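> Here is the input, now give the coordinates:
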Amino acid sequence: MAWLIRAFFPKKRGNTNMKQPETAQSFEFVNADVLHNHSGELAEHSLSFRTKAWRELKKNTAAMVSLGFLTFVVVVSIISLVWMPHDPNAQNVSLSNLHPFQNASYLLGTDNLGRDMLSRLLYGTRISLMIAVFATVVDIVIGVPYGLVSGWCGGRVDNIMQRIIEIISSIPELVLIMLLLIIFKPGLTSIVFAIALGSWVLMARLVRASAMQIKSADFVLAAQAMGESPVKIALKHILPNTMGVVITRTMFTIPAAIFLEALLSFIGIGVKAPNASLGTLLNAGEKGFQFYQYQLWEPVIVLSLMMIAFNLLGDGLRDAFDPNTKG
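Have a look, this model is predicted:
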């Protein structure tokens with residue numbers, strides 16, 4: 001009878017799927033090169049977003065060349081605060097209309113009043129950059145908080161704020177600027193606020209769109225679940241993640257402000273003579289272009305190179321901060 005029981009109910013010999021104890025022979029040695037490659041991948045994933053953006057920007061040759069050129073322009077403009085070849089407003093009629101490289105003391109020649117063109121270019125470039133930078137700062141100070149509040153609050157607050165933007169946008173920017181310059185006394189301060197008054201609208205819209213996208217992210221929802229205040233969430237989580245949009249937009253705002261200042265000064269409602277800016281130099285060069293073409297070409301070349309450099313750098317920053325464009 002026992003043999004029959006053993007035939008139908010065999011004795012269990014344990015779980016064959018149980019993991020056997022590992023021995024030294026169970027381990028496989030990994031090649032050092034393979035380990036190095038995996039460590040590189042881990043390091044790549046651990047990089048911050050800004051570090052990755054900088055690495056992407058360095059791959060863009062045009063953007064890096066533009067960054068180098070603009071850095072050179074800024075450094076030269078700062079140096080011109082303490083040193084210039086000549087006084088940019090000093091007149092020497094006996095040396096008027098010298099062509100470039102005709103005189104060792106006046107490498108880029110002189111204008112119709114004998115003023116050094118190189119010194120006036122340095123001074124004018126510095127003035128145009130100062131106006132553009134100040135206008136951009138005002139643009140950021142107004143546009144970023146406005147867009148952040150509009151995008152984060154949403155609802156009725158967003159509707160009211162966007163209707164205000166639409167009213168401002170319905171007025172042509174150039175008309176608005178000309179009205180402001182007519183009402184207020186022309187000068188650097190008036191030009192800065194006149195330019196910034198119309199340019200902050202686009203900044204606000206871009207920041208609003210970015211904030212509305214970010215506020216639905218998981219880390220924002222987690223912060224809300226943990227009981228963080230709306231102000232803290234906006235400043236700690238949403239604002240830092242909009243910096244890519246702000247930086248990219250700034251790189252396009254500065255050349256637009258430089259060009260607008262040059263246009264205003266060229267038509268006579270911007271920087272006033274004898275002070276120089278790129279616009280006033282264009283105005284003066286246009287009057288004598290028939291006989292002294294270099295007086296127009298010199299500020300045109302400087303303005304064009306700056307505009308191209310800012311736009312190329314802006315394109316590079318836009319691609320670097322946009323994860324969808326990375327290869």
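> buried ones in stretch 251-270?
251-262, 264-266, 269-270 (16 or more other C-beta atoms under 10 Å). (Glycine included, C-beta is placed from N, CA and C.)
> What lies in contact with it?
128-129, 131-133, 135-136, 139, 177-178, 181-182, 186, 191, 195, 199, 203, 271, 277-280, 282-283, 286, 303, 306-307, 310-311, 313-314, 317 (C-beta atoms under 8 Å, 6 or more residues apart in numbering).
> which among these end up buried?
Using 16+ other C-beta under 10 Å, the buried members of the contacts of stretch 251-270 are 128-129, 131-133, 135-136, 139, 177, 181, 186, 191, 195, 199, 203, 271, 277-280, 282-283, 303, 306-307, 310-311, 313-314, 317.
> if we can go back for a sec, which ones among the buried residues of stretch 251-270 map onto helices?
Using DSSP state H, the members of those that fall in helices are 251-262, 264-266.
> Tell me which two of these sit farthest apart.
Using C-beta to C-beta, those reach their maximum pairwise distance at M251 and F266, which is 23.6 Å.
> quick one: whichever strand or helix holds I165 to chain centroid distance?
Using DSSP states H and E, I165 falls within helix 155-169. Offset of helix 155-169 from its chain centre (C-alpha atoms, centre = their mean, to the nearest Å): 25 Å.
> Now it: buried residues?
Going by neighbour count (16+ other C-beta under 10 Å), the buried part of helix 155-169 is 158, 161, 165.
> Same check on stretch 232-240?
233-234, 237-239.
> swap in stretch 220-228?
220, 223.
> which residues are contacting it?
So stretch 220-228 is contacted by 214, 232-233, 236-238 (C-beta under 8 Å, 6+ apart).
> Where does pLDDT dip in the stretch 51-200 of the chain?
186-187 (pLDDT under 70).
> In helices, which of the buried ones among the contacts of stretch 251-270 appear?
Those of these lying in helices (DSSP H): 128-129, 131-133, 135-136, 139, 177, 181, 191, 195, 199, 203, 278-280, 282-283, 303, 306-307, 310-311, 313-314, 317.
> In this model N97 seems to touch Y106, though I could be wrong.
No - proximity of Y106 to N97 does not meet the contact threshold set by C-beta atoms under 8 Å, at 10.7 Å.
> Between the two, point out the one with more neighbours.
Just comparing Y106 and N97: by other C-beta atoms under 10 Å the higher neighbour count belongs to Y106, 22 against 17.
> ok, that one - contacts?
By C-beta under 8 Å, 6+ apart, the neighbours of Y106 are 85-86, 95, 98, 116-118.
> Buried among these? Need that as a selection in ChimeraX.
Entered in ChimeraX, the line below selects the buried ones among these, by 16+ other C-beta under 10 Å:
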select :86,95,98,116,117,118
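> Give me the pLDDT for the nearest residue to F289 once chain neighbours are set aside.
Leaving out its chain neighbours, the residue that sits closest to F289 by C-beta to C-beta, 6 or more residues apart in numbering is L296, at 4.9 Å. Per-residue confidence (pLDDT) for L296: 89.
> Kindly provide the distance from L296 to L180.
Separation of L296 from L180 (C-beta to C-beta, to the nearest Å) stands at 28 Å.
> now swap in L264 and tell me
From L264 to L180 the distance is 11 Å (C-beta to C-beta).
> sorry, back to before: closest one to F72 out of the buried residues of stretch 232-240, please.
L239 (32.0 Å).
> Do you know the pLDDT at the closest one?
At L239, pLDDT is 84.
> host element of it?
Short version, using DSSP H and E: L239 is in helix 239-241.
> Tell me the helices and strands packed up against that helix.
Judged by 3 or more C-beta pairs under 8 Å, 6 or more residues apart in numbering; DSSP states H and E, helix 239-241 has no packing partners among the helices and strands.
> contacts for it?
144, 148, 210, 214.
> cutoff 10 Å now
When contacts are defined by C-beta atoms under 10 Å, 6 or more residues apart in numbering, helix 239-241 is touched by residues 49-50, 144-145, 148, 152, 207, 210-211, 213-215, 217, 219-220, 233, 246.
> Are any of those residues buried, and if so which?
144, 148, 152, 207, 210-211, 214-215, 220, 233, 246.
> Just give me the closest of those residues to K58.
Looking across the buried ones among the contacts of helix 239-241 and measuring by C-beta to C-beta, the closest to K58 is V246, at 20.7 Å.
> Name the SS class of that closest one, please.
helix (DSSP: H, G, I helix; E, B strand; the rest coil).
> which of the buried residues of helix 155-169 lies closest to D111?
So of the buried residues of helix 155-169, ranked by how close each gets to D111 (C-beta to C-beta), first place is I165, at 43.4 Å.
> residues in contact with the residue lying closest to that closest one once chain neighbours are set aside?
Spatial nearest neighbour of I165, excluding adjacent residues (C-beta to C-beta, 6+ apart): V201 at 5.4 Å. For V201, the contact set (C-beta under 10 Å, 6+ apart) comprises 139, 142-143, 146-147, 164-166, 168-169, 173.
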